[in-house]
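Peer 1: any chance you could fold what I've pasted below:
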Amino acid sequence: MRNHIEGWHRPLLVFAAAMGVLTLVSGVGLIVDDRVLVGSPIWHKPFKFSVSFVVYGLTLAWMYSLLTRGRRVGWWAGAVIVAASVTEMAVIVGQVVRGKRSHFNQETPFDSGLFAVMGATIVVLWLATLVMAVVLWRQPLADRATVWAIRTGSVVALAGLAIGFLMVQPTEAQLAGQITDTVGAHSVGVPDGGPHLPVTGWAATGGDLRIAHFVGMHALQVLPLLALALTFAARRYGWAAVPAVRKRLVLVAAAGYAGLVALTTWQALRGQALTSPDGVTLAAAAGLAVAVAAGAALALRGGSGARLEPGASASPAASAVEAAGR
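Peer 2: Below is the predicted model:
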């Protein structure tokens, strides 16, 4: 195991491990603590955040291992991400212990100050992730599909993170002075804490910006995993053995994924629940699906007739995967 993680970003690995422990603690809290806050079990938020940070931390730690240029800048960007994330989680868990909401809370000067700290950490986290994305963009990796999966994944993830800034905008009721103990909201068109979808907690009767936020952030995992899947496919299928085909498929998937983030953001801003799309939303989703399918078909042109020679390796990435599996 030690050899497999050699060169990974150690602070990010430690942070991911700590978030794994917090996931277990929060899971126990969900079972033994019956308190409810804003319509959800009080330990639901730290549970979701810790799971997300486990995935986020491990992904960035691995991506750091790919750096051949700018490793020092990348290390410091990762360290800043860890510091900002730890600060945010400390506020979230601390507020859970106090029985208070962490996000948007303006009940007291202390609560307001904590939310201001969280706002600052989000800005720092976004900027540090931007620095890491710039460093990753400049890396000369051998497999072009992986290169573009990381590049486009980091850009879409930054856009997904930025959607969080929309949540801190005051709602109409807050601007009118009807609500004074909070500023900002996850939901659009309905108050936070109303009917919600199971597990995720997303609003079931109105828009919810957390959907696009979640989808966008995890482009950082989805697109590189697609590139990895294509690398495995290259060992069995001729079309996947063509580097240009894999690259084109990744780019099509990235464009489609960005379109999905835009679509879910648009749907939420119109106050529309994920599970209750209107005809316009369905038409847009259908158009996006058709465009992605057409793009994939075009990407596959020229790759269907290709074949690997017996015993040949499809790409440097495929060789690495094969070596890891031995």
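Peer 1: any buried residues in stretch 280-299, and which?
Peer 2: Within stretch 280-299, the residues scored as buried using 16 or more other Cβ atoms under 10 Å are 281, 284-285, 288, 292, 295, 299. Placement of C-beta: from N, CA and C, glycine included.
Peer 1: turn the residues you listed into TSV, including distance to Arg270.
Peer 2: As requested, those are exported to TSV (distance: Cβ to Cβ, whole Å):
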residue	distance to Arg270
Thr281	8
Ala284	11
Ala285	14
Leu288	16
Val292	22
Gly295	26
Ala299	32
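Peer 1: from those residues, which land in helices?
Peer 2: Using DSSP state H, the members of the buried residues of stretch 280-299 that fall in helices are 281, 284-285, 288, 292, 295, 299.
Peer 1: could the buried residues of stretch 280-299 go into TSV alongside pLDDT and distance to Gln178?
Peer 2: Formatted as TSV, the buried residues of stretch 280-299 follow (pLDDT from 0 to 100; distance: Cβ to Cβ, whole Å):
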residue	pLDDT	distance to Gln178
Thr281	97	29
Ala284	98	33
Ala285	98	34
Leu288	98	37
Val292	97	43
Gly295	96	47
Ala299	94	52
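Peer 1: ok, of those residues, which one's closest to Gly119?
Peer 2: When the buried residues of stretch 280-299 are ranked by distance to Gly119 (Cβ to Cβ), Thr281 comes first, at 30.5 Å.
Peer 1: the stretch 151-300 of the chain: strands as residue ranges?
Peer 2: 187-188, 207-208 (DSSP state E, counting those that start in this stretch).
Peer 1: give me the residue at the spatial middle of this protein.
Peer 2: Computing the C-alpha centroid of the chain and ranking residues by Cα atoms, centre = their mean puts Met217 first, at 2.0 Å.
Peer 1: distance of it from Lys48?
Peer 2: 12 Å (Cβ to Cβ, to the nearest Å).
Peer 1: got the strands of the stretch 151-300 of the chain as CSV, with mean neighbour count columns?
Peer 2: Shown next, in CSV, are the strands of the stretch 151-300 of the chain (neighbours: other Cβ atoms under 10 Å):
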stretch, mean neighbour count
strand 187-188, 22
strand 207-208, 28
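Peer 1: need these in TSV (columns: distance to Gly271).
Peer 2: Listed next are the strands of the stretch 151-300 of the chain as TSV, based on distance: least, Cβ to Cβ, whole Å:
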stretch	distance to Gly271
strand 187-188	5
strand 207-208	4
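Peer 1: of all those, which one comes closest to Ala133?
Peer 2: That would be, of these and by Cβ to Cβ, strand 207-208, which comes in at 26.0 Å.
Peer 1: what lines up beside the closest one in the sheet?
Peer 2: strand 187-188 (antiparallel) (DSSP bridges).
Peer 1: gap between the strand it pairs with and the chain center?
Peer 2: Centre-to-centre, strand 187-188 and its host chain are 20 Å apart (Cα atoms, centre = their mean, to the nearest Å).
Peer 1: got the contact list for it?
Peer 2: Applying Cβ atoms under 8 Å, 6 or more residues apart in numbering, the contact partners of strand 187-188 are 194, 203, 206-209, 268-271.
Peer 1: same deal with stretch 202-213?
Peer 2: Residues contacting stretch 202-213 (Cβ under 8 Å, 6+ apart): 160-161, 163-164, 166-167, 186-190, 192, 194-197, 200-201, 261-262, 264-265, 267-276.
Peer 1: now, these that are in helices?
Peer 2: Counted as lying in helices by DSSP H, out of the contacts of stretch 202-213, are 160-161, 164, 166-167, 261-262, 264-265, 267-269.
Peer 1: thanks a lot, see you next time.
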